[in-house]
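> pasting the structure only:
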């Protein structure tokens with residue numbers, strides 16, 4: 001599945017609720033899920049970590065959809081090559 005397909009799937013399933021909640025409310029759910037991911041990374045097993053990562057991804061897709069951002073396009077534009085060295089595999093000697 002492509003990122004754009006995942007974004008469309010989330011939009012179809014939750015778009016109406018997200019629009020009613022608005023960007024601020026939807027973003028707050030994303031932040032809450034990031035907190036749950038933090039806890040899972042410290043205390044939980046791989047299944048729970050995977051579940052929380054999926055939640056963070058889904059809420060990120062929701063925020064992007066509300067903002068009218070094609071997340072797949074934005075991701076490719078930003079990360080297709082390293083902005084420091086211009087290579088597909090970063091060869092920079094400095095920390096990001």
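Arrived safely, thanks for sending. Bear in mind the structure is a predicted one, so any value in this text is a computation, not a measurement.
> Next SSE downstream of the host helix or strand of residue 25?
Following DSSP states H and E, one finds residue 25 within helix 3-43. From helix 3-43 onward toward the C-terminus, using DSSP H and E, the following helix or strand is helix 46-66.
> buried residues in whichever helix or strand comes after that following helix?
Once the chain leaves helix 46-66, the next helix or strand it forms, by DSSP H and E, is helix 71-79. Neighbour-count burial for helix 71-79, with 16 or more other Cβ atoms under 10 Å as criterion, is recorded at 71, 72. Quick note: C-beta positions are derived from backbone N, CA and C, even for glycine.
> Please enumerate residues in contact with helix 71-79?
2, 3, 4, 7, 60, 61, 64 (Cβ atoms under 8 Å, 6 or more residues apart in numbering).
> Name the member of these that has the highest neighbour count.
When neighbours are counted by other Cβ atoms under 10 Å, residue 61 leads those with 24 neighbours.
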